[in-house]
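Enquirer: what follows is a predicted structure for the sequence shown.
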Amino acid sequence: MGLGELGLAVALFLFSHSLTNRHGFRRRAESLLGGHLAFIVAYSLVSLALLAWIVAAYRAAPVWLLWGQQPWMRWVPPLVMLPACILLAGGMLTANPFSIGPGGRGYDPARPGLLRLTRHPVLWGLGLWAGAHIVPNGDVGALMIFAPLLVMAVAGPRLLDAKRRHRLGEAEWSRLAILTGRPNPAFLAETGARRLLAGPFLYGLLLAAHEVAIGVSPLP
């Protein structure tokens, strides 16, 4: 199927992620699967399977080059991916009633942790990941993967804020969001070592697995 299969895999990956932000779907899925933890495990397995399909489809797709890779471009992903992994891993471990993540259960508006930086750490991490990988990968297949993710990461925060504000109501939104999106050193203590160290752990895992999974070393 060439690029068509890659496009289908990317579309299904994006669609699966959009479902998790539909409150009714998530509630029914958790009930069907037997709880919040079971949902997170099932969702993670589905995401990994779709990512594996994207990688396989990309490796099988024809290469249509739009720009050549310069030596400096190879430095961009390894430098940008560490903060991206901290946001991604920390965001997935932080209670969040505003955005992509484990949900709002246990969220304390007086101690928002990573949400002091942004209400949408997972989207920010996704945006950094996508943008960093566009730079050295100037082929059509790579753009089919990373460009939609970058657009989603850029547009997502405003769309999600509007949706959550409408659902929660202005008073409850203000109560929950009062300390979010306002960088403060307190986020380090509130986030905790476990969430902060999950980022470098994920980064090391991706470095180790990249050449095996993708076929190319991530190092310059």
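Expert: It's in. In this text, all values refer to a predicted model and were calculated from it rather than measured experimentally.
Enquirer: so how many other residues sit close to the closest residue to Leu66 other than its chain neighbours?
Expert: Excluding the flanking residues, the one nearest Leu66 by CB to CB, 6 or more residues apart in numbering is Gly138, at 4.7 Å. Quick note: C-beta positions are derived from backbone N, CA and C, even for glycine. Per other CB atoms under 10 Å, the neighbour tally for Gly138 reads 16.
Enquirer: repeat that for Asp161.
Expert: 17.
Enquirer: Ala198 and Gly90 touch, don't they?
Expert: Yes - assessed by CB atoms under 8 Å, Ala198 is found in contact with Gly90 at 6.3 Å.
Enquirer: give me the more crowded residue out of these two.
Expert: Gly90 (27 against 20).
Enquirer: isn't the more buried one right next to Gly199, touching?
Expert: Yes - counting by CB under 8 Å, Gly90 touches Gly199, with 5.8 Å between them.
Enquirer: ok, the residue nearest to Ile145 when sequence neighbours are not counted to Ala153 distance?
Expert: Among residues not flanking Ile145 along the chain, Val10 sits closest, at 5.8 Å (CB to CB, 6+ apart). Distance from Val10 to Ala153, counting by CB to CB, to the nearest Å: 14 Å.
Enquirer: and Arg22, by the same measure?
Expert: Taking CB to CB, one finds Arg22 at 19 Å from Ala153.
Enquirer: quick one, which of those two is more surrounded?
Expert: Taking other CB under 10 Å, Arg22 and Ala153 do not tie; Ala153 has more neighbours (21 against 12).
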